[in-house]
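Asks: Need a 3D model of the following:
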Amino acid sequence: MARHRDLSQIFNALPPREKTDPPKPTPAATSSSEPAPPVDEVQAPRAASKPKTPSRKLHSVPAGEKPKPAAKPLRETAPTSLYLPAEQAARWRARARETGQTLAQVLAAATQAVTTEQVSKALDRPGWDRDTGGMPVWQEPAKTQPSINVQVRLAALQLQWLDQQVAATGANSRSELVAALLTLHFES
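Replies: Residues are numbered from 1 along each chain as shown. Model (predicted):
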């Protein structure tokens, strides 16, 4: 069952609405000796006018076309989650502390030191060994370790490059690619 929140807390947090009083009419100078009628009788109360807000122009998109998303600046960084084995994440952080670099800089160094072919070979999945000359033999996959989340600030261009490498190497994810890159980099 959905839980309902008390909206009074939200409304109480809003700034108070600006109250606008209708302008008071100035009595017209008359030459008669009649007293001026009370303000209520002179002018009927006006409905409060809405404050003017800048209008937003809506861009119409022709039927059948999708609106283009706003492009992210290539230099703008954003936190990216990578899931790595705990031991490897600790080694990555230790290397960053030793060298005085950020995690992203250590990762960039690893990508320069390791080739795509090396990563592809490291990512080869165990499976059926068909080169035995006889009946194929099953190779057991390596046991996986529990992974932890590592936050790295990467630019949009760096994320695009990682995604291209995931496709080129056959990795299942960015995390798997980075884990293979770092393993090969730390072993060299």
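Asks: all helices for this structure, in order.
Replies: For the chain, helices defined by DSSP state H occupy the ranges 7-13, 39-42, 86-99, 103-113, 116-122, 156-169, 174-187.
Asks: Can you tell me which of those is nearest to residue 148?
Replies: When those are compared by Cβ to Cβ, helix 86-99 sits nearest residue 148, at 5.0 Å. Placement of C-beta: from N, CA and C, glycine included.
Asks: mind putting the helices of the chain in JSON lines, mean neighbour count included?
Replies: Listed next are the helices of the chain as JSON lines, based on neighbours: other Cβ atoms under 10 Å:
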{"stretch": "helix 7-13", "mean neighbour count": "8"}
{"stretch": "helix 39-42", "mean neighbour count": "10"}
{"stretch": "helix 86-99", "mean neighbour count": "14"}
{"stretch": "helix 103-113", "mean neighbour count": "17"}
{"stretch": "helix 116-122", "mean neighbour count": "15"}
{"stretch": "helix 156-169", "mean neighbour count": "15"}
{"stretch": "helix 174-187", "mean neighbour count": "20"}
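Asks: weakest of these by average pLDDT?
Replies: Out of the helices of the chain, helix 39-42 stands lowest, with a mean of 50 (criterion: mean pLDDT).
Asks: Contacts only, for the closest residue to residue 103 other than its chain neighbours.
Replies: Nearest residue to residue 103, sequence neighbours excluded (Cβ to Cβ, 6 or more residues apart in numbering): residue 152, at 4.7 Å. Shown in contact with residue 152 (Cβ atoms under 8 Å, 6 or more residues apart in numbering): 79-80, 82, 103-104, 107.
Asks: hmm, back to that, residue 75 is nearest to which of the helices of the chain?
Replies: helix 156-169 (7.7 Å).
Asks: and that closest one with helix 174-187, angle?
Replies: 90 degrees (axes from the mean of the first three to the mean of the last three Cα atoms, to 10 degrees).
Asks: Quick one: residues in contact with helix 156-169.
Replies: 72-76, 78, 80, 104, 108, 111, 116, 119-120, 123, 154, 171-174, 176-178, 180.
Asks: rerun that using 10 Å as the cut-off
Replies: Under the criterion Cβ atoms under 10 Å, 6 or more residues apart in numbering, residues 71-78, 80, 82, 104, 107-108, 111, 116-123, 152, 154-155, 171-178, 180-181 lie in contact with helix 156-169.
Asks: Could you take the helices of the chain and lay them out as a markdown table, with extra columns for distance to residue 135?
Replies: Listed next are these as a markdown table, based on distance: least, Cβ to Cβ, whole Å:
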| stretch | distance to residue 135 |
| --- | --- |
| helix 7-13 | 68 |
| helix 39-42 | 103 |
| helix 86-99 | 36 |
| helix 103-113 | 40 |
| helix 116-122 | 25 |
| helix 156-169 | 30 |
| helix 174-187 | 30 |
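Asks: coming back round to it: including distance to residue 93, could the contacts of residue 152 go into CSV?
Replies: Converted to CSV, the contacts of residue 152 look like this (distance: Cβ to Cβ, whole Å):
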residue, distance to residue 93
79, 15
80, 15
82, 12
103, 7
104, 12
107, 12
